[in-house]
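Enquirer: dropping the sequence and predicted coords here.
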Amino acid sequence: MPHDPSVTRRAVLAAGTAALGAVITRHASAADEERPWIDAHSHIWPAEVDKFPLARGQTKKDLDPPSFTDDELMKLARPEGVGRVVLIQHSGYHLWDNSYLLDAVKRHPKLFRVQGMVDDHEKEPGAAMKKLLPLGVTGFRITPFVRTKDEQPKWLDTPGMAEMWKTGAKTRQAMCLLINPSDLPATDAMCEKHPDTPVVIDHFARIGADGEIRDADVAALCKLARHKHAHVKVSAFYALGKKQPPHDELVPMVRRLLDAFGPKRLMWASDAPYQVQGVNTYKASIALVRDRMDFLSKQDRAWLLAKTAEAVYFYA
């Protein structure tokens, strides 16, 4: 029988995914019992720029704060009941080099999964996605903000982007969009073209970044709920609305999203370390969902604070 390289690739991918799942299952119960919550979005970076070089044009002086390692993150997260975190590739500091986040997963496989980055302008981004899956990369940040302004209107229309969305439908790796409200129509169109691809909208699509939460923007975000694999991160409170605790002005938007998507497609996230600067705190971020929204049932909170992120990123 002729050798079929695609069979070999599928076997390796399946084996890697199975091994990753075994690690998750083995550790999940212990993490859940002591610290049940999952932070679905935090950045980390080391001060060691020689070991983990910065992207072109960045220097050690650009790091703000100068260091925010996985250990520093967990010192903030654990006291609030957070036992696992989805680590987000920093598009400014490390761009396409996911090395530090992969290192964190290797050192702490029960704690972390990665929302990495691959370049849709390079050849075979889908193959790059598959190689990263066994290493703990279960989602990918995609955003127009890494390109020039001239490219932004058509940033979702590249052949490489189409390949990424098609690959995500097969591997369950989510397309995670850091976008503005103006990008929601194009996102809706992509969801229509790729109905089986998991999709996560980061930070409410930045609705309220200018201080105003517009009804039309919220309606456009809620429209994505018609796509059964679309999710939204309830996150980055420091950057939206009044941009300071207790963040209660964001509650009506969360309630509308809850009505549209249901709790199983919403997930809380901090966006540390940015949520822990100035008057903003990690505790204030999780407390909005954990303590302040009295319309949430116990089951609703469990989905927003853990189960949705677990299903999307941890494959439990």
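Expert: That came through, no problem. Numbers count the residues shown, from 1 in each chain.

Enquirer: drop to CA atoms for contacts and neighbour counts, all remaining ones
Expert: Will do.

Enquirer: tell me the buried residues in stretch 235-249?
Expert: 235-247, 249 (16 or more other C-alpha atoms under 10 Å).

Enquirer: excluding chain neighbours, what is closest to K283?
Expert: Using C-alpha to C-alpha, 6 or more residues apart in numbering and skipping residues adjacent in sequence, the residue nearest K283 is E80, 6.5 Å away.

Enquirer: give me the low-pLDDT residue ranges for the stretch 1-150 of the chain?
Expert: 1-32, 147-150 (pLDDT under 70).

Enquirer: and the helices in it, which stretches?
Expert: 5-34, 70-77, 99-107, 125-132 (DSSP state H, counting those that start in this stretch).

Enquirer: still on that earlier bit, so can I have CSV of the buried residues of stretch 235-249 showing secondary structure and distance to P195?
Expert: Formatted as CSV, the buried residues of stretch 235-249 follow (DSSP: H, G, I helix; E, B strand; the rest coil; distance: C-alpha to C-alpha, whole Å):
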residue, secondary structure, distance to P195
S235, coil, 24
A236, coil, 27
F237, helix, 29
Y238, helix, 32
A239, helix, 30
L240, coil, 29
G241, coil, 32
K242, coil, 35
K243, coil, 34
Q244, coil, 37
P245, coil, 37
P246, coil, 37
H247, coil, 33
E249, helix, 33
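
Enquirer: for those residues, give me JSON lines that also has pLDDT.
Expert: JSON lines is the format used below for the buried residues of stretch 235-249 (pLDDT from 0 to 100):
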{"residue": "S235", "pLDDT": "98"}
{"residue": "A236", "pLDDT": "98"}
{"residue": "F237", "pLDDT": "98"}
{"residue": "Y238", "pLDDT": "98"}
{"residue": "A239", "pLDDT": "98"}
{"residue": "L240", "pLDDT": "98"}
{"residue": "G241", "pLDDT": "97"}
{"residue": "K242", "pLDDT": "97"}
{"residue": "K243", "pLDDT": "97"}
{"residue": "Q244", "pLDDT": "97"}
{"residue": "P245", "pLDDT": "97"}
{"residue": "P246", "pLDDT": "97"}
{"residue": "H247", "pLDDT": "97"}
{"residue": "E249", "pLDDT": "97"}
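
Enquirer: ok, the residues you listed vs R301, which is closest?
Expert: S235 (14.4 Å; C-alpha to C-alpha).

Enquirer: just checking, that closest one touches H203?
Expert: Yes. Taking contacts as C-alpha atoms under 8 Å, S235 lies within contact range of H203: 4.8 Å.

Enquirer: what's the span of stretch 59-69 from first residue to last?
Expert: 17 Å (C-alpha to C-alpha, to the nearest Å).

Enquirer: likewise for stretch 268-275?
Expert: End-to-end for stretch 268-275, by C-alpha to C-alpha: 13 Å.

Enquirer: list of residues touching that stretch?
Expert: If you take C-alpha atoms under 8 Å, 6 or more residues apart in numbering as the criterion, stretch 268-275 is touched by 38-44, 65, 68, 73, 233-238, 281-282, 285-286, 289, 304-306.

Enquirer: how close does V137 get to T187?
Expert: For V137 relative to T187 (C-alpha to C-alpha), the value is 22 Å.

Enquirer: can you count the residues close to the spatially closest residue to W268 that is not a sequence neighbour?
Expert: Spatially, and ignoring its direct neighbours in sequence, W268 is nearest to V234 (4.7 Å; C-alpha to C-alpha, 6+ apart). Residue crowding around V234 was assessed by other C-alpha atoms under 10 Å; the count is 27.
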